[in-house]
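Q: Return a 3D structure for these sequence lines:
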Amino acid sequence: MVRIQQQRDAAENWSGLVCPNIQKKLKYYIKQSGYCHAVSNGRDAYEVRHFDHRFVVSLVGRTCSCRYWQLSGLPYPHVI
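A: Modelled structure (predicted):
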C-alpha cells in the first residue's frame, strides 16, 4: 500500500502526458532512428534497414514485423 501511494504521489508531479521513464526510452529510440534507412514498397508500407536487420513497417495498420510496436504500444527506432 505504501508503494502504491508513493507512485501516485510521484505521478501527480509529472508535467507532461508521458511518464519520465517512457520519455527517456523515446529519446533513446529517436537517437537510434538516425541509423535507419526506409524505402517505400509502394503499398502504404516501408522496408526499414536498421544496421543488418530489415523490418516491414505499416504506418496505416500500426504494425511492424518485429512486433514490438504491437506488443508494447511504443514505436521502436525503425518505426520512428
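
Q: next SSE after the longest helix along the chain?
A: Ordering each helix of the chain by length in residues (DSSP state H) puts helix 20-32 first. Remark: after helix 20-32, the chain's next helix or strand is strand 36-40, criterion DSSP states H and E.

Q: Tell me which stretches of the protein form helices.
A: 2-12, 20-32, 68-72.

Q: per-residue confidence averaged over stretch 11-26?
A: Stretch 11-26 carries an average pLDDT of 87.

Q: Touching that stretch from outside, list them.
A: Contact with stretch 11-26 is made by residue 74, as judged by C-beta atoms under 8 Å, 6 or more residues apart in numbering. C-beta here means a position set from N, CA and C on the backbone, and glycine is covered the same way.

Q: Can you give me the end-to-end span of it?
A: By C-alpha to C-alpha, to the nearest Å, the extent of stretch 11-26 from end to end equals 18 Å.

Q: what does stretch 46-59 give?
A: First-to-last residue span, stretch 46-59, C-alpha to C-alpha: 8 Å.

Q: same deal with stretch 35-49?
A: 8 Å.

Q: Contacts made by that stretch with the rest, please.
A: 50-51, 54-61, 77-80.

Q: who wins for neighbours among these?
A: When neighbours are counted by other C-beta atoms under 10 Å, residue 78 leads the contacts of stretch 35-49 with 28 neighbours.

Q: before we move on, back to that, could you dump the helices of the chain into CSV with distance to residue 45 and mean neighbour count added?
A: Shown next, in CSV, are those (distance: least, C-beta to C-beta, whole Å; neighbours: other C-beta atoms under 10 Å):
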stretch, distance to residue 45, mean neighbour count
helix 2-12, 37, 9
helix 20-32, 20, 12
helix 68-72, 13, 13
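
Q: any chance of those in JSON lines, plus distance to residue 46?
A: Supplementary listing: those in JSON lines, determined by distance: least, C-beta to C-beta, whole Å:
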{"stretch": "helix 2-12", "distance to residue 46": "36"}
{"stretch": "helix 20-32", "distance to residue 46": "16"}
{"stretch": "helix 68-72", "distance to residue 46": "13"}
